[in-house]
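A.B. asks: okay, sequence plus prediction incoming.
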Amino acid sequence: MKVSVFGTGYVGLVQGTVLADVGHDVICIDIDEAKVAGLKAGEIPIHEPGLAPLVLENQAAGRLRFTTNAAEGVAHGELIFLAVGTPPDEDGSADLKHVLAVARTIARYMDGPRTLVNKSTVPVGTADRVAAAVREVLQERGVDYPFDVVSNPEFLKEGAAVADCKRPDRIVIGTDSPAAEARLRELYAPFNRNHDKIVVMDIRSAELTKYAANAMLATKISFMNEIANLAERLGADVEAVRRGIGSDPRIGYHFIYPGLGYGGSCFPKDVKALIHTARSTDFSPELLLAVERRNEAQRRVLFDRINAFYGGELKGKVVALWGLAFKPNTDDMREAPSRSLMEALWAAGARVQAHDPVAMQEASRVYGERSDLVLAATPTAALEGADCLAIVTEWQTFRVPDFAQMAHLLKDRMVFDGRNLYDPALLARHGLGYSSIGRAAQDPAQQV
Ligand SMILES: NC(=O)C1=CN([C@@H]2O[C@H](COP(=O)(O)OP(=O)(O)OC[C@H]3O[C@@H](n4cnc5c(N)ncnc54)[C@H](O)[C@@H]3O)[C@@H](O)[C@H]2O)C=CC1
Ligand SMILES: O=C(O)[C@H]1O[C@H](OP(=O)(O)OP(=O)(O)OC[C@H]2O[C@@H](n3ccc(=O)[nH]c3=O)[C@H](O)[C@@H]2O)[C@H](O)[C@@H](O)[C@@H]1O
């Protein structure tokens, strides 16, 4: 099928590429000229495992093209995806300016029937607003073409985006049009062979399904962080508790890892947006408010511990930082715990020596040159001359470090681990103080 995708970010680029890979004829449109020029030259703007070869292969086969030319994109696609950002507005609501701008662009260039497929995460009622925006422009143009607006939320995870798109758990299609449903079923047929993963519903329910999924996952994380806080105070080990409850299939092992709170470009903004939506209906979402409060408190935990360890005297201290990306296997630093930690350390007068396997370039882009940030080429280089180590991203490469060397290099022999990567007894054997999340004896002062 002929498919156009507006927005070549994490969602649009990956989904467009995976659709091309099964044989669809895809054009990706973006307003970012540098990004499109790069993609045309085979430069992939994000780190996503498996993406680069797939883009190059499909580009070479002529099934995947990139352009800034919206008219060309609209002329091409019988199905037109909207996969642009929906960042939080000042009041926490989802800002729909990019989505509505694309809707108007499509209407400006439409020359026949089209199906608009919304993949961006948008509040309930957005499909109606998209349809109204399209109708308005068609009216201005004095033309009338039939069109559908379908809600087809995306559930991919960064760091596993290609795999998630190739093998989705479910494909949610929100529409009241049997013809649009048939077109989407045809599009996704290659992903629906093993068993039927397509869940068809009304548009509003599909829009709400996306927020419900992310809010549910965020709730699991905040719940577990609450239990971690309790475990610390009660002399229990949250890692044992995690394994103990995860073995119950009704609970499951997924998304119950305690840590530094949920980050990334979606959970924080989507929980906020759902709170905003709830309030707009005069409903107070008590649970979501608590989920968000727990998350905000959790994000400060590592800084508070480091600060307490140094008795509030962080000026001149050098903190080694392992991890910059908000999670492993991505270079995305949006709402990354590393950012709040670094910014708090800098405000307190400390310096940071950071290492991340792929996000160093992104860190340079975000922070530029500054005297209190050194981007170290290796994890060991980050430790050299540092007073203590903070770990914020659970990259595979941090899992089995040379503890003897670590103890030798860190002046204060102290590790603050926001991801519970290590066995506390092992670090103790190497003479390292260890402060992790939700495990007993958390007072760093007692450990050194
Ligand atoms: N990043 C993720 O893991 C997931 C994101 N989502 C949702 O998908 C949407 C997109 O997210 P990302 O891909 O992360 O965003 P992104 O920020 O990586 O990419 C958005 C792209 O849209 C482009 N754009 C903006 N206005 C445009 C216009 N008028 N015409 C053409 N292109 C335009 C931007 O230049 C940018 O390249 C958001 O609503 C997000 O909540 C949903 C599931 C997963
Ligand atoms: O809407 C979206 O954008 C996407 O948001 C999340 O995907 P993503 O943000 O890429 O990453 P996750 O793996 O969900 O992690 C989100 C945050 O939660 C944290 N987390 C995750 C799991 C866990 O057990 N504990 C925990 O603290 C991670 O460290 C990270 O900060 C969802 O998992 C996707 O299904 C969804 O499509």
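C.D. replies: Received it, and whenever you're ready, just let me know what you need. Ligands and ions are numbered 1, 2, ... in the order given.

A.B. asks: quick one: name the residues of the chain near ligand 1.
C.D. replies: Residues of the chain lying close to ligand 1 (C-beta under 6 Å from any ligand atom) are 6-12, 29-32, 35, 83-86, 98, 101-102, 120-121, 154, 156, 158, 265-266. All C-beta spots, glycine's among them, are computed from the backbone N, C-alpha and C.

A.B. asks: list phi and psi for V172.
C.D. replies: Main-chain torsions, V172, degrees, to the nearest 10: phi -90, psi 130.

A.B. asks: repeat that for I437.
C.D. replies: Given degrees, to the nearest 10, the pair of backbone angles that I437 has is phi -100, psi 120.

A.B. asks: right, and it touches L230 too?
C.D. replies: No. I437 is beyond contact range of L230, at 11.9 Å (criterion: C-beta atoms under 8 Å).

A.B. asks: who's more crowded, those two?
C.D. replies: I437 (26 against 13; other C-beta atoms under 10 Å).

A.B. asks: which residues touch the closest residue to ligand 1 within the stretch 1-150 of the chain?
C.D. replies: For the stretch 1-150 of the chain, the residue closest to ligand 1 is G9, as judged by C-beta to the nearest ligand atom, at 1.8 Å. Shown in contact with G9 (C-beta atoms under 8 Å, 6 or more residues apart in numbering): 46, 83-85.

A.B. asks: ok so, going back, and the residues of the chain next to ligand 1, which of them are buried?
C.D. replies: Neighbour-count burial (16 or more other C-beta atoms under 10 Å) is assigned, among the residues of the chain next to ligand 1, to 6-12, 29-31, 35, 83-86, 98, 101-102, 120-121, 154, 156, 158, 265-266.

A.B. asks: find the nearest non-adjacent residue to T105, please.
C.D. replies: A70 (4.8 Å; C-beta to C-beta, 6 or more residues apart in numbering).

A.B. asks: tell me, how many residues neighbour the one you found?
C.D. replies: The tally of other residues near A70 (other C-beta under 10 Å) stands at 19.

A.B. asks: could you do N225 as well?
C.D. replies: Neighbours of N225 using other C-beta under 10 Å come to 27.

A.B. asks: what helix or strand is it on?
C.D. replies: Using DSSP states H and E, the element containing N225 is helix 203-234.

A.B. asks: can you list contacts of the helix or strand just after that helix?
C.D. replies: The helix or strand immediately downstream of helix 203-234 is helix 238-246, counting by DSSP H and E. Defining contact as C-beta under 8 Å, 6+ apart, one finds that helix 238-246 is touched by 224, 227-228, 231-232, 251-253, 256-258, 420, 437-439.

A.B. asks: in the residues you listed, find the pair that's most separated.
C.D. replies: Within the contacts of helix 238-246, E232 and G252 form the most distant pair, 23.8 Å apart (C-beta to C-beta).

A.B. asks: the two: who's more crowded?
C.D. replies: Taking E232 and G252 together and counting by other C-beta under 10 Å, E232 has the greater number of neighbours (21 against 12).

A.B. asks: hmm, S436 and the more buried one touching each other?
C.D. replies: No. E232 is beyond contact range of S436, at 9.5 Å (criterion: C-beta under 8 Å).

A.B. asks: look at the residue of the chain most remote from its centre and report its pLDDT.
C.D. replies: Most distant from the centre of the chain: G142, at 41.3 Å, with distances by C-alpha atoms, centre = their mean. Note for G142: predicted pLDDT of 98.

A.B. asks: so who does it touch?
C.D. replies: The contact partners of G142, by C-beta under 8 Å, 6+ apart, come to none.

A.B. asks: what sits against the closest residue to R114 other than its chain neighbours?
C.D. replies: Once flanking residues are discounted, R114 sits nearest to F147: 4.9 Å by C-beta to C-beta, 6+ apart. Contact analysis of F147 by C-beta under 8 Å, 6+ apart lists 110, 113-116, 131, 134.

A.B. asks: what do you get if the cut-off is 7 Å, keeping everything else the same?
C.D. replies: Shown in contact with F147 (C-beta atoms under 7 Å, 6 or more residues apart in numbering): 113-116, 134.

A.B. asks: again, but for G73
C.D. replies: By C-beta under 7 Å, 6+ apart, the residues touching G73 are 4, 6, 27, 29, 67.

A.B. asks: follow-up on the earlier one: now, the contacts of F147 that are in strands?
C.D. replies: Using DSSP state E, the members of the contacts of F147 that fall within strands are 114-116.

A.B. asks: pLDDT, distance to ligand 2 and neighbour count added to those residues, as CSV?
C.D. replies: Formatted as CSV, the ones in strands among the contacts of F147 follow (pLDDT from 0 to 100; distance: C-beta to the nearest ligand atom, whole Å; neighbours: other C-beta atoms under 10 Å):
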residue, pLDDT, distance to ligand 2, neighbour count
R114, 98, 25, 22
T115, 98, 22, 21
L116, 98, 20, 26
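
A.B. asks: distance to C388 for those residues - can I get that in JSON lines?
C.D. replies: Shown next, in JSON lines, are the ones in strands among the contacts of F147 (distance: C-beta to C-beta, whole Å):
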{"residue": "R114", "distance to C388": "57"}
{"residue": "T115", "distance to C388": "55"}
{"residue": "L116", "distance to C388": "52"}
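
A.B. asks: quick one, grab the pLDDT at G311.
C.D. replies: 98.

A.B. asks: so the residue lying closest to K269 once chain neighbours are set aside versus ligand 2, what's the distance?
C.D. replies: Spatial nearest neighbour of K269, excluding adjacent residues (C-beta to C-beta, 6+ apart): P88 at 4.4 Å. Counting by C-beta to the nearest ligand atom, to the nearest Å, the separation of P88 from ligand 2 is 13 Å.
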